[in-house]
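>>> next input, structure requested:
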Amino acid sequence: MTFFRTSRLLLAGAAFATLSNPAWALDGQDLLKKINAAYAAGSGAISAESVEVDGSAVILKGSKFTTTGPQEKSIPLGDLTLKGVSEEDGGAYFIERIDFPAVDFTEEKTSISVKDLYLAGVHVPGSTEGKDFKSMMLYDEAHSGAINVSVDGKPVFTMAEASATMTLGEDEKSLAFEGGVSSVKADLSSVEDPKSKETLNALNLNTIEGDVSFSGNWELDTGTIDVEEYAFDFANIGRLNLAFSLSGYTMDLVKQLQETARTMQGQQNNEQAQQAAGLAMLGLMQQMSFVSAEISFEDDGITKRGLDFAGKEQGTTGEQMAQMVKAMLPMMLAQAKLGALQNEISNAVNTYLDDPQNLTISAAPEKPVPFPMIMGAGMGAPETIPQLLGVSVSANEE
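The predicted structure follows:
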């Protein structure tokens with residue numbers, strides 16, 4: 001009696017465990033559906049021949065990315081393994097890592113190879129309807145290893161590594177981002193046009209090498225997006241950095257822009273629809289305000305080589321060419337009716353041309369300026385824009 005009763009209990013327990021397992025297992029199809037729903041650009045979708053679940057891993061067998069619109073194109077991704085997948089509150093998912101297969105293909109004379117592609121710490125939202133960062137697909141790190149591009153077997157572009165990271169603030173109301181591309185190298189010596197080749201030789205730009213870096217922050221409540229650095233630093237050329245701050249870039253605006261972009265993508269052959277969507281996009285952008293901006297350049301020899309080349313073209317020297325530019329600049333600026341800024345620009349350019357070190361253009365109004373006000377000034381009184389935006393120009397500052 002005891003034996004049979006115990007056996008029935010064991011069988012019942014086994015049956016219960018068997019029936020319960022599917023409820024605990026990951027739903028790979030649901031995960032794929034939510035990844036596509038959260039894909040911000042809305043210009044394509046990932047599909048798979050089959051979706052398999054192995055513990056905490058989800059394998060997308062025979063996956064491909066297909067762009068939407070009239071020129072639909074599919075890019076095979078192979079078997080993608082999503083590692084360390086776990087469910088979170090609200091139907092969301094967290095993926096520890098997604099490794100993408102290496103790219104290695106040749107089309108006509110061009111060969112491209114990319115290695116070590118992965119995403120780490122991916123958050124897939126349960127719903128995209130919210131107005132916080134949890135409604136977006138975010139990642140801790142996006143990474144690419146070496147990229148090599150060659151034409152007829154000759155390397156024309158290489159890159160050692162590229163990466164980008166996102167960090168959500170403790171209050172989940174801000175998002176910091178940073179990243180860069182290291183050891184970029186482009187070989188321009190194969191340019192065939194004689195005039196272009198002559199220019200590249202004179203400027204010593206047959207090969208360019210450098211790095212790209214960026215960093216910034218997005219405050220959700222105010223919609224303030226602050227790009228502190230977007231720098232291009234190339235040897236024998238210089239370092240160009242772009243920085244700007246805009247407000248009004250709220251989640252509502254983001255979703256409206258995405259919807260308009262999807263409309264434009266889906267009606268690429270409808271010129272009237274494209275124009276209407278373009279006007280709608282322009283109207284949406286008017287919800288934003290200009291906070292500040294700065295463009296700075298630190299010279300690493302390109303200015304002198306440029307003046308020497310321009311002078312040679314005019315039958316003179318680089319020093320004389322610099323003096324010609326300094327003499328012509330006030331007349332050119334006078335036509336723009338820039339007021340007091342005209343003298344500031346002239347002084348800064350003169351200082352820079354005498355000793356090329358750095359040149360900075362800044363715009364810092366006392367308070368944010370709505371985009372409609374800037375557009376109105378541009379159409380009605382463009383000469384007022386520098387004062388409206390608080391524009392200043394300086395050179396060779398420490």
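
>>> how about the strands in the stretch 251-398 of the chain?
Assigned strands in the stretch 251-398 of the chain, in chain order: 289-299, 358-363, 369-370, 391-395 (criterion: DSSP state E, counting those that start in this stretch).

>>> so which of the ones you listed is nearest Ala120?
Across those, Ala120 has its closest neighbour in strand 289-299 (32.0 Å, CB to CB). Every residue, glycine included, has its C-beta placed from N, CA and C.

>>> buried set for that closest one?
Across strand 289-299, burial judged by 16 or more other CB atoms under 10 Å covers Ser289, Phe290, Val291, Ser292, Ala293, Glu294, Ser296, Phe297, Asp299.

>>> specify the beta-bridge partners of the fifth one.
Legend: beta-bridge partners of Ala293 under DSSP bridges are Phe244, Ala363.

>>> mind listing what it touches?
Ala293 is in contact with Leu242, Ala243, Phe244, Ser245, Ser362, Ala363, Leu389, counting by CB atoms under 8 Å, 6 or more residues apart in numbering.

>>> of those, buried ones?
Ala243, Phe244, Ser245, Ser362, Ala363, Leu389.

>>> contacts only, for the fifth one.
Think Ala363. Taking CB under 8 Å, 6+ apart as the test, what Ala363 contacts is Phe290, Ser292, Ala293, Glu294, Leu389, Gly390, Val391, Ser392.

>>> can you tell me how far Ala102 is from Gly78?
Distance from Ala102 to Gly78, counting by CB to CB, to the nearest Å: 10 Å.

>>> again, but for Glu298
In this view, Glu298 and Gly78 are 43 Å apart by CB to CB.

>>> what of Gln258?
Distance, Gln258 to Gly78, by CB to CB: 28 Å.

>>> neighbour-wise, which of those two wins?
Per other CB atoms under 10 Å, whichever of Gln258 and Gly78 has more neighbours is Gln258, with 15 against 12.

>>> how far away is the more buried one from Phe234?
Following CB to CB, the distance that separates Gln258 from Phe234 is 34 Å.

>>> now swap in Leu119 and tell me
Using CB to CB, one obtains 28 Å as the distance from Leu119 to Phe234.

>>> cool, and Leu220?
According to CB to CB, Leu220 and Phe234 sit 35 Å apart.

>>> want to throw the contacts of Ala293 into JSON lines with distance to Tyr352 and pLDDT?
Formatted as JSON lines, these follow (distance: CB to CB, whole Å; pLDDT from 0 to 100):
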{"residue": "Leu242", "distance to Tyr352": "18", "pLDDT": "97"}
{"residue": "Ala243", "distance to Tyr352": "19", "pLDDT": "97"}
{"residue": "Phe244", "distance to Tyr352": "22", "pLDDT": "97"}
{"residue": "Ser245", "distance to Tyr352": "25", "pLDDT": "97"}
{"residue": "Ser362", "distance to Tyr352": "15", "pLDDT": "97"}
{"residue": "Ala363", "distance to Tyr352": "19", "pLDDT": "97"}
{"residue": "Leu389", "distance to Tyr352": "22", "pLDDT": "95"}
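
>>> many thanks, have a good one.
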